[in-house]
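1. coordinates only, no sequence provided:
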């Protein structure tokens, strides 16, 4: 079984500053995906970024980037130039990769980190 | 883009009654949908995997007779909370798998059992 741990229950950052959210995971799988999801007050789950474990290059999406350390089983999210709209709960999530994609979608989530961006 | 519609967004019911929540993929066929439960400011916990035309696969500790899942068509999965009690009060979210390793979430249902 997989576990995902987010050790920061709450974080805060000033607008325009940079913040890093931590995530570690434990798995015996060699092939998997890692995700960061954002859940704003509306509670709609929004995909922030996805990383395939076989890719060494860290994924980036505009102001969002990850630091994926496979050996250390670490997957942190960096948010640059923080904006007020980034205020949300952020979840790190793990998904096992199965050939054929039949299990795609079955996510194991971390506990979440509440991020507040202050003006 | 693809949309998953979840209804109702909020429901209040009396203890002992049953409540049905719908998860519908609006512009794609979803052979597999997933149901999660979330307590306030907590993580999402997978309850079950719903496969079109077959029985749902429940996660360990989830009562299949309490949480009935039906996936009768390629665009609709339903979760029925039977004989609901206050401890079933929670936020329920569905997700649907699309083509090409895409995953889409519904907007969630807040269930309050009085």
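-> Okay, I see it. Note that the coordinates shown come from a computational prediction; the quantities given were computed from them, not determined experimentally.
2. geometric centre of the chain: which residue is closest?
-> Defaulting to chain A. Nearest to the mean C-alpha position of chain A, by C-alpha atoms, centre = their mean, lies residue A:36 at 2.6 Å.
3. try again with chain B
-> For chain B, the residue nearest the mean C-alpha position is residue B:35 (4.0 Å; C-alpha atoms, centre = their mean).
4. which stretch of helix or strand covers it?
-> Using DSSP states H and E, the secondary-structure element containing residue B:35 is strand B:32-38.
5. any idea of the mean pLDDT for that strand?
-> Summarised as a single mean, pLDDT over strand B:32-38 is 95.
6. ok, stretch A:60-76 next?
-> 96.
7. quick check, it touching chain B?
-> No. Judged by C-beta under 8 Å from any C-beta of the partner chain, stretch A:60-76 stays clear of chain B, getting no closer than 15.4 Å. C-beta here means a position set from N, CA and C on the backbone, and glycine is covered the same way.
8. contacts for that stretch next, please.
-> A:20-27, A:34, A:36, A:48-49, A:51, A:53, A:56, A:58-59, A:77-83, A:92 (C-beta atoms under 8 Å, 6 or more residues apart in numbering or on different chains).
9. and the end-to-end length of it?
-> 12 Å (C-alpha to C-alpha, to the nearest Å).
10. just the buried positions in that stretch, please.
-> Residues of stretch A:60-76 classed as buried: A:64, A:65, A:66, A:68, A:73, A:75, A:76 (neighbour count, 16 or more other C-beta atoms under 10 Å in any protein chain shown).
11. quick check: the gap between the residue nearest to the centre of chain B and residue B:88.
-> Counting by C-beta to C-beta, to the nearest Å, the gap from residue B:35 to residue B:88 is 13 Å.
12. again, but for residue B:56
-> Computed as C-beta to C-beta, the residue B:56 to residue B:88 distance reads 17 Å.
13. residue ranges with poor pLDDT in the chain?
-> All of this refers to chain A. Applying pLDDT under 70 to chain A picks out residues A:100-103.
14. let me rephrase: I mean chain B.
-> Low-confidence regions of chain B, defined here as pLDDT under 70, cover residues B:1-2.
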